[in-house]
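Trainee: show me the folded form of this:
(one chain, ligands or ions: 2)
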Amino acid sequence: MINYTEKIPNNVDLGRDRVLQRALEHWQPAYMGWWYDMGPNESHNYEVYLRTATSVEPDGWAQFGYVKMPDYRWGIFLQPRDEKREVNFGIHKGQSAWQEVPGEYRSTLRRVIVTQGDTEPASVEQQRMLGASCPSMYDLRNIFQVNVEEGRHLWAMVYLLHRYFGRDGREEAESLLARRSGDADNPRILGAFNEATPDWLAFYMFTFFTDRDGKFQLCALAESGFDPLARTCRFMLTEEAHHMFVGETGISRIIQRTCEVMKENKVEDPQDVRALGVIDLPTIQRYLNFHYSVTLDLYGSDVSSNAANYYTSGLKGRFRETKLDDDHVLADAEYPVCEVVGGKIITKNVPALTALNERLRDDYIEEIADGVGRWQRVIDNAGIPFQLTLPHKGFHREIGNFAGHFISSDGEVLSAEAWRNHEFEWLPNSKDYAYVQSLMSGRVVEPGKFANWIAPPARGINNQPLNFQYVRFN
Ligand SMILES: [Fe+2]
Ligand SMILES: [Fe+2]
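Mentor: Ligands and ions are numbered 1, 2, ... in the order given. Alright, predicted model coming up:
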């Protein structure tokens, strides 16, 4: 169970470590300052029907009730320790999992934790203005749930920094509150977390594509030989699932609504569809292309000696490492990666250890393809002849072997000029953004009401009806 009587709720027996407790209590007001500045705009008096973690057991860890968001009990929750757990891969395979940071991996581990931690507040910053244009009270509640949990994920990483990295860790924890998404002078670390999330279509795409990158990174870190990192990531994953649900169902509901309106009015031309106040399917495809491609970059270079080192050292595993049937050392294994040679995309085998970023990216793509297939079924069931596709993996990439090349959405290598001629057939243009945002000029918050451009969800949160008062504005 989680101890809620302390100033910082936790299940790590924080009260027994006075120095750590004081350090975190010192960071807490800085965190609250950040939340007031950069958390959801104008939300501070709202009471929101939120779930709060009360136990870390997979079932029954969540309790629902109204919470004033700044009073949310952010805290430190780790999956309970398994005394028998071992390092399951790399050169330390078979050792007992580490309870303290191995000296030789200190700076590497710190970098891994800071990079993960930086994404958490970044997404809150990216989403902070969206409450003003929410399509329903249900959706408003969902974005706030995502935001408070990203805040907690920051707490999770900051706990590790404070507890295991001394003074350097405390400095890093402060920097995590100082960087700002999209800031020219002090941006967030990773590219996708400096992009704008200007509207709700972008928000659902972000939670489907980019929160899922979060899931895959957390899954890889949940395999870590550094046990406290593994345990905190395991618990974060239970929260992450809801974020991806919000994204997948959000897009699905938009598609459903568009298809309904297309059928009712017997229209197919995007301009006619727009005239009816819903989002045309080609625009949804262009948003998809954008969010997919910028998220693929988050996995890093296709061939990476850092990735090899993280694995060999036992710091970051593969997706579902312990379920994989091989030697978990990979010294002789190979893995295929793409490369652009002489105007053509070729595949070649490289040492598997150096291709671990690519492998995680491929695992991610597989899961993404399933989700896009579920969206396609909504279109097919409506009998509308439109095919959603995932662009080629090399499309619109800025990191790795495709960077600097101009790959079309279906995988043709083009000249820069030819690519630019088609750019806005593939990616959202300023008119697309202006149109989508024109639909979202105000918020819809009457209980049970939904904006015209999105269908209601199949059911409410925690079995509440759709017309439940998910947010009290006071
Ligand atoms: Fe997160
Ligand atoms: Fe998330």
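Trainee: quick one: the strands in this protein?
Mentor: Secondary structure of the chain (DSSP state E): strands located at 47-53, 62-68, 334-341, 344-351, 406-407, 413-414, 471-472.
Trainee: now the ones you listed as CSV including mean neighbour count and mean pLDDT?
Mentor: Yep, even glycine has a C-beta here, placed from its N, CA and C like the rest. As requested, the strands of the chain are exported to CSV (neighbours: other Cβ atoms under 10 Å; pLDDT from 0 to 100):
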stretch, mean neighbour count, mean pLDDT
strand 47-53, 21, 94
strand 62-68, 14, 92
strand 334-341, 17, 98
strand 344-351, 12, 97
strand 406-407, 21, 98
strand 413-414, 16, 98
strand 471-472, 18, 98
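Trainee: select, out of these, the one closest to ligand 1.
Mentor: Closest to ligand 1 of these, according to Cβ to the ion: strand 47-53, at 13.5 Å.
Trainee: what pairs with the closest one, parallel or antiparallel?
Mentor: strand 62-68 (antiparallel), strand 471-472 (antiparallel) (DSSP bridges).
Trainee: mind putting these into CSV with distance to ligand 2?
Mentor: Output for the strands paired with strand 47-53, formatted as CSV (distance: least, Cβ to the ion, whole Å):
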stretch, distance to ligand 2
strand 62-68, 15
strand 471-472, 20
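Trainee: and residue 253, how far is that from residue 341?
Mentor: 43 Å (Cβ to Cβ, to the nearest Å).
Trainee: nearest residue to residue 249 in space, please, no chain neighbours.
Mentor: residue 457 (5.9 Å; Cβ to Cβ, 6 or more residues apart in numbering).
Trainee: my bad, residue 227
Mentor: Nearest one to residue 227, counting by Cβ to Cβ, 6+ apart, is residue 97 at 4.0 Å.
Trainee: quick check, that neighbour in contact with residue 222.
Mentor: No - between residue 97 and residue 222 there is no contact, the gap being 11.8 Å when judged by Cβ atoms under 8 Å.
Trainee: hey, what's in contact with both of the two?
Mentor: residue 230 (Cβ atoms under 8 Å, 6 or more residues apart in numbering).
Trainee: tally up the residues packed near whichever residue of the stretch 251-400 of the chain sits closest to ligand 1, please.
Mentor: Distance from ligand 1 to each residue of the stretch 251-400 of the chain (Cβ to the ion) is smallest for residue 298, at 12.9 Å. Here the number of neighbours of residue 298 (other Cβ atoms under 10 Å) works out to 23.
Trainee: who in the stretch 151-300 of the chain is up against ligand 2?
Mentor: When proximity is defined by Cβ under 5 Å from the ion, the stretch 151-300 of the chain lies next to ligand 2 at 211, 214, 240, 243.
Trainee: of all pairs in those, which one spans the longest distance?
Mentor: Farthest pair in these (Cβ to Cβ) is 214 and 243. Separation: 7.6 Å.
Trainee: returning to what we had before: counting neighbours, what do you get for the residue nearest to residue 249?
Mentor: The burial count for residue 457: 19, using other Cβ under 10 Å.
Trainee: residues contacting it?
Mentor: So residue 457 contacts 138, 249, 253, 466 (Cβ under 8 Å, 6+ apart).
Trainee: may I ask which two of these are separated the most?
Mentor: 249 and 466 (13.0 Å).
Trainee: residue 390 and residue 292 touch, don't they?
Mentor: Yes - between residue 390 and residue 292 there is a contact under Cβ under 8 Å: 6.3 Å.
Trainee: neighbour count: these two, which is higher?
Mentor: Between residue 390 and residue 292, counted using other Cβ under 10 Å, residue 292 has the larger neighbour count: 22 against 17.
Trainee: how far away is the more buried one from ligand 2?
Mentor: 17 Å (Cβ to the ion, to the nearest Å).
Trainee: again, but for residue 81
Mentor: 24 Å.
Trainee: and what of residue 37?
Mentor: Relative to ligand 2, and taking Cβ to the ion, residue 37 is found at 21 Å.
Trainee: residue 359 now?
Mentor: For residue 359 relative to ligand 2 (Cβ to the ion), the value is 22 Å.
Trainee: and residue 222, by the same measure?
Mentor: Applying Cβ to the ion to residue 222 and ligand 2 gives a distance of 15 Å.
Trainee: next, count neighbours for that residue.
Mentor: Neighbour tally, residue 222, other Cβ under 10 Å: 22.
Trainee: ok, residue 298 touching residue 191?
Mentor: Yes - contact criterion Cβ under 8 Å: residue 298 and residue 191 qualify, at 7.4 Å.
Trainee: the residues of the stretch 151-300 of the chain next to ligand 2 also near ligand 1: which ones?
Mentor: Among those, ligand 1 is touched by residue 214 when using Cβ under 5 Å from the ion.
Trainee: who wins for proximity to residue 76 among the strands paired with strand 47-53?
Mentor: strand 62-68 (16.8 Å).
Trainee: restricting to C-alpha, output the closest one in CSV.
Mentor: Extracted in CSV, the C-alpha atoms of strand 62-68 (Å, rounded to 0.1, in the frame of the first residue of the first chain):
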residue,chain,number,x,y,z
ALA,A,62,-6.7,3.1,-8.6
GLN,A,63,-9.3,5.1,-6.6
PHE,A,64,-11.6,7.5,-8.3
GLY,A,65,-12.8,10.7,-6.8
TYR,A,66,-12.9,14.5,-7.2
VAL,A,67,-9.5,16.1,-6.8
LYS,A,68,-8.5,19.7,-7.1
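Trainee: how far does it sit from its chain's centre?
Mentor: Put simply, strand 62-68 sits 23 Å off its chain's centre (Cα atoms, centre = their mean, to the nearest Å).
Trainee: what residues does that strand touch?
Mentor: 44-54, 461-462, 472.
Trainee: what pLDDT does the model give the residue of the chain found nearest ligand 1?
Mentor: Proximity of the chain to ligand 1 (Cβ to the ion) peaks at residue 153, 3.7 Å away. Residue 153 is assigned a pLDDT of 97 by the prediction.
Trainee: find the nearest non-adjacent residue to it, please.
Mentor: Distances taken as Cβ to Cβ, 6+ apart put residue 120 closest to residue 153, at 4.1 Å, once the chain neighbours are dropped.
Trainee: how about the contacts made by the one you found?
Mentor: 150-151, 153-154, 157.
Trainee: cross these against helices and list the overlap.
Mentor: If you go by DSSP state H, the contacts of residue 120 have 150-151, 153-154, 157 in helices.
Trainee: would you list those in JSON lines and tack on neighbour count and distance to residue 2?
Mentor: Output for those, formatted as JSON lines (neighbours: other Cβ atoms under 10 Å; distance: Cβ to Cβ, whole Å):
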{"residue": "150", "neighbour count": "25", "distance to residue 2": "19"}
{"residue": "151", "neighbour count": "20", "distance to residue 2": "16"}
{"residue": "153", "neighbour count": "26", "distance to residue 2": "16"}
{"residue": "154", "neighbour count": "25", "distance to residue 2": "18"}
{"residue": "157", "neighbour count": "27", "distance to residue 2": "18"}
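Trainee: show me what counts as buried in the longest helix seen in the chain.
Mentor: Ranked by residue count under DSSP H, the longest helix found in the chain is helix 227-265. By 16 or more other Cβ atoms under 10 Å, the buried positions in helix 227-265 come out as 227-240, 242-259, 261-262.
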